[in-house]
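Visitor: have a look; sequence and predicted model below, questions after that.
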Amino acid sequence: MKTATLLFTYHRSHHTQTVLKALKNNMRYPEKLFVFQDGLKEDEDEDEWQRVNRLINEVDWCDTEIIVSEYNKGLAASIIAGVTYVFREYDAVIVMEDDCVPAPAFMDFMQQCFCKYQHNEKIHSVSGYAYPVSLKKNKYDVYACGRISSWGWGTWKDRWAHFEKDYELVKKMKQAEKISRNLAMWGSDLESMLVGNIRGICDSWAVFWALDAIYREKICLNPYESLIQNIGLDGSGTHCECSDEFDVALIGRQKKKFDLPEDIDITDETSEALTPLFGSYTAVNGSEETKEKILVYGLGNFYLRNERQICNIYFVEAFVDREQQGWFAGKRIIKKEKIDQYTYDRILVMIQNDKDCREVVKELLARQIDSEKILIGRDLYK
């Protein structure tokens, strides 16, 4: 299996130098290193861009191909074009950006995963980054989740063949019970990212790669101990602000052989552990005997902001909404006329506007719903 390593750069010389040094210190050198440098924008720092250019042209410790764009493509277009270009000749790719610093065992880890799972088409991609969540490590070094990580990641040619910039995919996913639950569980942030792409606020290719994995119910692999450290959340990037939310420590030892299971799938423990990052508490909320069953009237930001608190106490049977339809997190979204078809203990009205909230309560009372069954979210969640 021929594997290429891709590094995408622009005009951050310190970050690029740090990543190149770490790659050079890896226990396995890239079979071939493709370095893509995006073209300079007119108003950007040309000196810094030239420093990066000199750095990548000085690499002499492995077989290298340097591709410099004649114009500024932006991150998404650069990665899509670069990965597609390399897959004309290679079977698998390891993809890094100029802020993803690899541990010495990173290349070995990726290559071992590629060899182990190359014929397991359920596995969508592999990442060396370990999410900052509390997961109890079992005897293996990797776990499965439903969300791709684009920090120090890799995949196979046949998986990448499914990549498509489909802006209608979220809409399709909201029309099915199971897929809507998967979307909420692994990609509660993806719809806003799509909107950001359209409005020019962000430039994400990974949103489409993540949606493809969720839609086709694929698995993404991550290590329990991180082999990638992102140094780009320091305000230097075009699309990333300063943040320490995703800070992780690199694996504290050099490891040559990784324990990889024959069969691997997503566990409930993993789903629950990753929920605070990009999941939905509604999607992982189990129907416990101690929880009252509720209908939630109003599926908007007010509910989403208080979702965790609500799901700790109640089990959501369905949502009632005037405008939305389909499914959310595996729960049917219904109109008020369908309320009588459901068995529930309470109706929780999650409408923040006082006037609209009072109108909804009047509607419910007019439908002969007991006032004691109606909970007002405005009173419970300030």
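Guide: Sure, I can see it.

Visitor: now stretch 28-36: average pLDDT?
Guide: Mean per-residue pLDDT for stretch 28-36: 96.

Visitor: oh, I was asking about stretch 179-198
Guide: 94.

Visitor: can you dump the C-alpha atoms of it in CSV for me?
Guide: What follows is stretch 179-198 as a C-alpha-only set of coordinates in CSV (Å, rounded to 0.1, in the frame of the first residue of the first chain):
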residue,chain,number,x,y,z
ILE,A,179,-29.8,9.4,10.7
SER,A,180,-31.2,12.5,12.4
ARG,A,181,-30.1,11.0,15.8
ASN,A,182,-26.7,10.3,14.4
LEU,A,183,-26.5,13.9,13.1
ALA,A,184,-27.4,15.4,16.4
MET,A,185,-25.1,13.0,18.3
TRP,A,186,-22.0,13.6,16.1
GLY,A,187,-22.6,16.9,14.4
SER,A,188,-24.7,19.4,16.2
ASP,A,189,-22.4,22.1,15.0
LEU,A,190,-22.2,21.1,11.4
GLU,A,191,-25.3,23.0,10.1
SER,A,192,-24.0,26.3,11.4
MET,A,193,-20.7,25.5,9.8
LEU,A,194,-22.5,25.0,6.4
VAL,A,195,-24.2,28.4,6.9
GLY,A,196,-20.8,29.9,7.7
ASN,A,197,-19.4,28.5,4.4
ILE,A,198,-22.3,30.1,2.5
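
Visitor: now what about stretch 51-70, what contacts it?
Guide: 7, 9-13, 16-17, 20, 24, 29-39, 78, 82, 85, 98 (C-beta atoms under 8 Å, 6 or more residues apart in numbering). For the C-beta atoms, the positions are set from N, CA and C on the backbone; glycine is no exception.

Visitor: buried sites along it?
Guide: Buried positions in stretch 51-70, judged by neighbour count with 16 or more other C-beta atoms under 10 Å: 51-53, 55-56, 59, 64, 67-69.

Visitor: so Cys311 makes contact with Gly286?
Guide: No. In this structure, Cys311 is not within contact of Gly286 by C-beta atoms under 8 Å, at 9.5 Å.

Visitor: ok, those two, which is more surrounded?
Guide: Each of Cys311 and Gly286 has its neighbours counted (other C-beta atoms under 10 Å); Cys311 has more, 20 against 9.

Visitor: list the contacts for that one?
Guide: 281-282, 285.

Visitor: format those as a markdown table; extra columns: pLDDT, secondary structure and neighbour count.
Guide: A markdown table is the format used below for the contacts of Cys311 (pLDDT from 0 to 100; DSSP: H, G, I helix; E, B strand; the rest coil; neighbours: other C-beta atoms under 10 Å):
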| residue | pLDDT | secondary structure | neighbour count |
| --- | --- | --- | --- |
| Tyr281 | 95 | helix | 22 |
| Thr282 | 96 | helix | 26 |
| Asn285 | 90 | coil | 22 |
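
Visitor: for the buried residues of stretch 51-70, which one is nearest Ser125?
Guide: Lowest distance from Ser125 to these (C-beta to C-beta) belongs to Ile67, with 22.4 Å.

Visitor: dig out what the closest one forms beta bridges with.
Guide: Note on Ile67: beta-bridge partners Phe36, judged by DSSP bridges.

Visitor: check what pLDDT it gets.
Guide: In this model, Ile67 carries a pLDDT of 98.

Visitor: for Val86, see how far away it is.
Guide: 10 Å (C-beta to C-beta, to the nearest Å).

Visitor: who touches both of those two?
Guide: Shared contacts of Ile67 and Val86, counting by C-beta under 8 Å, 6+ apart, come down to Phe34.

Visitor: hang on, isn't Arg181 packed against Arg332?
Guide: No. Contact between Arg181 and Arg332 fails when scored by C-beta under 8 Å: they sit 11.4 Å apart.

Visitor: the two - which one has more neighbours?
Guide: Neighbour count, other C-beta under 10 Å: between Arg181 and Arg332, Arg181 has more, with 20 against 17.

Visitor: where's that one, which helix or strand?
Guide: helix 177-186 (DSSP states H and E).

Visitor: returning to that earlier point: return the subset of the contacts of stretch 51-70 lying in helices.
Guide: Among the contacts of stretch 51-70, the ones falling in helices (DSSP state H) are 13, 16-17, 20, 24, 78, 82, 85.

Visitor: please, a ChimeraX command that selects the buried ones among those?
Guide: Selecting only the buried members of the ones in helices among the contacts of stretch 51-70 in ChimeraX, with burial defined as 16+ other C-beta under 10 Å, works like this:
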select :13,16,17,20,78,82,85
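
Visitor: I'd like the ones in helices among the contacts of stretch 51-70 as TSV, with pLDDT appended.
Guide: Listed next are the ones in helices among the contacts of stretch 51-70 as TSV, based on pLDDT from 0 to 100:
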residue	pLDDT
Ser13	95
Thr16	97
Gln17	97
Leu20	97
Lys24	96
Ser78	96
Gly82	98
Tyr85	97
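
Visitor: from the ones in helices among the contacts of stretch 51-70, which single one is nearest Ile251?
Guide: Nearest member of the ones in helices among the contacts of stretch 51-70 to Ile251, counting by C-beta to C-beta, is Lys24, at 18.0 Å.

Visitor: residues in contact with that closest one?
Guide: Trp61.

Visitor: distance of it relative to Ile198?
Guide: Applying C-beta to C-beta to Lys24 and Ile198 gives a distance of 40 Å.

Visitor: which stretch of helix or strand covers Leu55?
Guide: Going by DSSP H and E, Leu55 is in helix 46-57.

Visitor: whoops, Val360 was the one
Guide: Counting by DSSP H and E, Val360 is found in helix 354-366.

Visitor: what about that helix, average pLDDT?
Guide: 95.

Visitor: isn't Trp151 right next to Ile231, touching?
Guide: No. Between Trp151 and Ile231 there is no contact, the gap being 10.5 Å when judged by C-beta under 8 Å.
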